[in-house]
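Participant: Okay, predicted coordinates and the sequence, questions at the end:
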Amino acid sequence: MAVKILKRLAHEGPLRHRDLWKLAVQDSASVSQSRTVMYWLRNHGFIRKVDPACYCAPYEITEKGKQFLAALL
């Protein structure tokens, strides 16, 4: 699920939180599982909000996230 989220962010650019949840649900993941993966990616610096001051700002992949994705593939 993390790979799918990172790939989507790398290819399409910033996506909103709900759009990333839709990706996880497509993989038959529960909302709590998808939330856990997204927060894990965020807390480890693989994704971040475009504007941290805005609550509904979309997420983007960081350079660290790109390196992590390359290592996973």
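Facilitator: All right, it came through fine.

Participant: make it CA atoms for all contacts and neighbour counts henceforth
Facilitator: Noted.

Participant: for Ala53, helix, strand, or coil?
Facilitator: Following DSSP: H, G, I helix; E, B strand; the rest coil, we place Ala53 in the coil state.

Participant: can you give me the helices for this structure?
Facilitator: 2-12, 17-26, 31-43, 63-72 (DSSP state H).

Participant: Which one of these has the poorest average confidence?
Facilitator: Among the helices of the chain, helix 17-26 carries the lowest mean pLDDT, at a mean of 79.

Participant: buried stuff in that helix?
Facilitator: Residues 20-21, 23-24 are the ones in helix 17-26 that count as buried (16 or more other C-alpha atoms under 10 Å).

Participant: Export the residues you listed to JSON lines and append columns for distance to Ile5.
Facilitator: Below are the buried residues of helix 17-26 laid out as JSON lines (distance: C-alpha to C-alpha, whole Å):
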{"residue": "Leu20", "distance to Ile5": "7"}
{"residue": "Trp21", "distance to Ile5": "9"}
{"residue": "Leu23", "distance to Ile5": "7"}
{"residue": "Ala24", "distance to Ile5": "8"}
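
Participant: and those, which two are the farthest apart?
Facilitator: Within these, Leu20 and Ala24 form the most distant pair, 6.6 Å apart (C-alpha to C-alpha).

Participant: Please enumerate the shared neighbours of those two.
Facilitator: Ile5 (C-alpha atoms under 8 Å, 6 or more residues apart in numbering).

Participant: Many thanks, I have nothing further to ask.
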